[in-house]
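Chemist: no FASTA, just this:
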């Protein structure tokens with residue numbers, strides 16, 4: 001039988017014993033699951049990235065069983081668990097428009113009605129104006145309830161937006177991009193106001209560039225005017241990075257401090273590669 005989950009990256013401290021002080025972070029997307037273990041306020045001691053077979057992501061129980069079997073630390077008894085959902089069925093709603101049913105109505109309007117999902121929402125701490133409303137498959141929530149005594153849920157978009165909007169100043173034309181294996185998340189600010197955050201699937205450099213140029217065209221800005229901050233699974237010696245840099249010359253990599261297990265990984269991976277995952281834990 002073909003496996004549904006394959007471990008692509010595993011980084012570990014020599015001693016990855018888990019104590020009650022350890023905090024487990026999990027990010028779940030349609031095609032990846034990422035696990036991080038952190039001890040108290042210290043460094044990340046273990047990191048695993050699993051590639052999921054998208055055709056079988058209806059069966060999360062089987063996927064989770066495979067991840068658990070292959071993981072070196074997921075079987076342990078974590079008391080603190082934070083789950084991040086990196087899914088695109090999300091909308092930002094001004095807090096004054098949020099009612100008991102409006103979040104679900106808006107999501108149904110954009111993504112279609114679904115009885116298989118449940119709606120969650122969270123306030124963006126950095127702005128206190130927007131609510132991030134998103135929906136998650138009930139089967140995933142039920143699975144997590146069986147696996148963990150207690151866990152906190154959040155959305156990857158909220159983490160990205162809080163990271164940028166806490167800054168003293170945002171550039172007048174600012175693109176924030178986080179690249180994953182098969183999709184990327186992009187947020188765009190114009191005159192320090194958030195205009196868009198969205199996920200796009202990509203297969204080639206051309207796909208990624210097409211979406212970025214469509215955004216700049218939509219908001220009537222030139223690519224040369226944009227400050228771009230990029231992190232994630234893209235190599236700066238790749239054709240993809242070179243092509244983005246040609247079109248968006250004002251580009252900067254969001255490099256992470258070399259801490260914990262990521263320090264040793266710098267020999268193999270660039271410093272911006274794990275930044276989106278690291279930022280889930282800070």
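Modeler: Noted; the coordinates are in hand. Remember, it's a predicted structure, so these values are computed and weren't measured experimentally.

Chemist: Mind giving me the packing neighbours of the helix or strand encompassing residue 175?
Modeler: Under the criterion of DSSP states H and E, residue 175 resides in strand 173-179. Other elements packing on strand 173-179 under the criterion 3 or more Cβ pairs under 8 Å, 6 or more residues apart in numbering; DSSP states H and E are helix 156-165, strand 183-190, helix 205-218, strand 227-232. Glycine gets a C-beta too; all of them are placed from N, C-alpha and C.

Chemist: Include mean neighbour count when you put the ones you listed into CSV, please.
Modeler: Listed next are the helices and strands packed on strand 173-179 as CSV, based on neighbours: other Cβ atoms under 10 Å:
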stretch, mean neighbour count
helix 156-165, 21
strand 183-190, 21
helix 205-218, 16
strand 227-232, 21
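
Chemist: Report the separation between residue 252 and residue 230.
Modeler: Per Cβ to Cβ, to the nearest Å, residue 252 is found 7 Å from residue 230.

Chemist: pLDDT weak spots in the stretch 1-150 of the chain?
Modeler: Scanning the stretch 1-150 of the chain for pLDDT under 70 picks out the ranges 1-2, 41, 54, 56-58, 76.

Chemist: mind listing the strands in the stretch 51-200 of the chain by residue range?
Modeler: Taking DSSP state E, counting those that start in this stretch to define them, one finds strands in the stretch 51-200 of the chain at 80-85, 90-94, 117-123, 130-137, 152-155, 173-179, 183-190, 193-201.

Chemist: Let me see the contact set for residue 79.
Modeler: The neighbours of residue 79, taking Cβ atoms under 8 Å, 6 or more residues apart in numbering as the test, are 20, 149-150.

Chemist: where do the helices sit along the stretch 1-150 of the chain?
Modeler: Using DSSP state H, counting those that start in this stretch, the helices of the stretch 1-150 of the chain run over residues 60-70, 102-111, 138-147.

Chemist: Show me the contact partners of the longest one.
Modeler: Residues from elsewhere that reach helix 60-70, judged by Cβ under 8 Å, 6+ apart: 3-7, 33, 35, 50, 52-53, 56-57, 74-75, 137, 139-140, 143, 147.

Chemist: Now, of those, which are buried?
Modeler: 3-5, 7, 33, 35, 50, 52-53, 57, 74, 137, 140, 143 (16 or more other Cβ atoms under 10 Å).

Chemist: which pair in the residues you listed spans the largest distance?
Modeler: Based on Cβ to Cβ, the longest span within the buried ones among the contacts of helix 60-70 runs between 7 and 137 and measures 22.9 Å.

Chemist: one step back: of all the strands of the stretch 51-200 of the chain, which lies closest to residue 165?
Modeler: Per Cβ to Cβ, nearest to residue 165 of the strands of the stretch 51-200 of the chain: strand 193-201, 7.5 Å.

Chemist: what sits up against stretch 226-245?
Modeler: With Cβ under 8 Å, 6+ apart as the test, stretch 226-245 has contacts from 171, 173-181, 184, 204-206, 208-209, 212, 216, 248, 250-256, 270, 272-273, 275-276.

Chemist: Show me how to select, in PyMOL, the buried members of these.
Modeler: Burial among the contacts of stretch 226-245 is assessed by 16+ other Cβ under 10 Å; the matching PyMOL selection reads:
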select buried, resi 171+173+174+175+176+177+178+179+180+184+205+208+209+212+216+248+250+251+253+254+256+270+272+273+275+276
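
Chemist: Without its sequence neighbours, what residue ends up closest to residue 185?
Modeler: Of all residues not flanking residue 185 in the chain, residue 178 sits nearest, at 4.7 Å (Cβ to Cβ, 6 or more residues apart in numbering).

Chemist: what sits against that neighbour?
Modeler: By Cβ under 8 Å, 6+ apart, the contact list for residue 178 reads 160, 184-186, 231-232, 275-276.

Chemist: which among these gets closest to residue 25?
Modeler: Using Cβ to Cβ, the contacts of residue 178 come closest to residue 25 at residue 276, 11.9 Å.

Chemist: so that closest one sits in a helix?
Modeler: Yes - according to DSSP: H, G, I helix; E, B strand; the rest coil, residue 276 belongs to a helix.

Chemist: What pLDDT does the model give it?
Modeler: As predicted, residue 276 sits at a pLDDT of 95.
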